[in-house]
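Chemist: got a structure for you, letters missing:
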């Protein structure tokens, strides 16, 4: 008996034609002795539309959110009508869509009266995207002869109440999946489950963070002891670099959990950064495949790193970041400055993407997203106010218009001269490196460059990676 968990992204369920592809893929996977769990995102563009409807409601624009609700209802009803035949099942699904959109409108009306949307209300509103799409996909599967049922992940995934980016309560979640979901599989039914959302213990919907449907897929794969997790998206797999920067980008046939984690964290859009966490210890293989090119085997992601001839496997990048530098001669030998700085940044919600420190301890720098840079600077200066007043710390300098470039490859570990080759290439291409960081794992090297030099840097380093994977 083999269990497969398949997660389909927003573009994979973004139109009736795409959903037909999903139905064919799931149907083909249901060979004897195979069990399939399906996890779906909202139809492409729906989450943004839901967020817009809440903003319009908060600003008092009643007709705008009512119009948005009607458009979403029409879109999902049209998909059901195109994907299913007239009859009781179609009528039931269309009725469920109407009920969900009525609930959405009622929440928007509450926001309209209050003049603001609380994080709890926001999570409730954005949950409708996945709740709608899972019903459409389940109906399409039934129309293709697959015994499928729509399920809300709120029945299974238990989280804390940190709305907008909730944390999974693992023991409760695994217990619920084993008690409530596995019997559905055992009875020969394909559950079509909402990605992206869970619920608190008292039943309030929570979001796992934007892009969290990949993470949802991994949660269900881990807790059901799946034999494989397949992320179906709109690209053929994990690429050697962003094809929008360099058209020579190629699909990597295999990468390790560690490598794909680095790639996801440093800008590769093919996977949510948290995706590998639930399946890591259980060593469940993960494959990234293209819904619109199902003949391609995609990229296999597993526990063991494989060296490539040129050591570097892929190059990725992050734009819209700022480099913050904390400096001062009085910092030398004073414990706790860096810790207090990072804690102050964390408290104001800043995610630190990269850290670099001089051995003299006179300064250190780190990278945050542009939209958090000003708040981070203010929070750090407030935390270090006494040290700044004594002139032990000069202050916090913010450098904008920069980007992070990261080279990734398991073979970089223990291979002498890799950093030298990377920075020689940067020098040969007149790219100034502002800051450098390398983790103890040595799986990646990250550095900061001026944003104007980003494309030049990525293409030059991609040349090194391509020599190992060129067909």
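Modeler: Noted; the coordinates are in hand. All values derive from a computational prediction rather than experimental measurement.
Chemist: Quick check: buried residues in the top helix by length along the chain?
Modeler: Ordering each helix of the chain by length in residues (DSSP state H) puts helix 88-114 first. Within helix 88-114, the residues that qualify as buried are 90, 93-94, 96-97, 100-101, 104-105, 107-108, 111-112, counting by 16 or more other Cβ atoms under 10 Å. (Each C-beta comes from the backbone N, C-alpha and C, glycine too.)
Chemist: same check, this time on stretch 433-440
Modeler: 433, 434, 435, 437, 438.
Chemist: ok, of the buried residues of helix 88-114, which one's closest to residue 137?
Modeler: Taking Cβ to Cβ as the measure, residue 93 is the one of the buried residues of helix 88-114 closest to residue 137, at 10.4 Å.
Chemist: Count the residues that sit near the closest residue to the closest one other than its chain neighbours.
Modeler: Closest residue to residue 93 in three dimensions, ignoring its sequence neighbours and counting by Cβ to Cβ, 6 or more residues apart in numbering: residue 139, at 4.6 Å. Number of residues near residue 139 (other Cβ atoms under 10 Å) recorded here: 26.
Chemist: thought residue 139 was touching residue 89?
Modeler: Yes. Proximity of residue 139 to residue 89 meets the contact threshold set by Cβ atoms under 8 Å, at 6.4 Å.
Chemist: Can you classify the residue nearest in space to the middle of the chain as helix, strand or coil?
Modeler: Computing the C-alpha centroid of the chain and ranking residues by Cα atoms, centre = their mean puts residue 272 first, at 2.4 Å. At residue 272, secondary structure determined by DSSP: H, G, I helix; E, B strand; the rest coil is coil.
Chemist: what about the longest helix of the chain, distance to the chain center?
Modeler: 27 Å (Cα atoms, centre = their mean, to the nearest Å).
Chemist: ok, residue 174 - contacts?
Modeler: Going by Cβ atoms under 8 Å, 6 or more residues apart in numbering, residue 174 touches 222, 223.
Chemist: what's the pLDDT at it?
Modeler: Model confidence at residue 174, expressed as pLDDT, equals 97.
Chemist: Could you grab the helix/strand/coil label for it?
Modeler: Secondary structure state of residue 174, per three-state DSSP, is helix.
Chemist: Check the gap between it and residue 204 for me.
Modeler: Residue 174 is 21 Å from residue 204, where distance means Cβ to Cβ, to the nearest Å.
Chemist: for the protein, which spans come out with low pLDDT?
Modeler: For the chain, applying pLDDT under 70 flags the ranges 211, 305-310, 359-361, 413-414, 439-442, 468-471.
Chemist: partners of the nearest residue in space to residue 262 that is not next to it in sequence in the sheet?
Modeler: Of all residues not flanking residue 262 in the chain, residue 444 sits nearest, at 4.4 Å (Cβ to Cβ, 6+ apart). With DSSP bridges as the criterion, residue 444 is bridged to residue 408.
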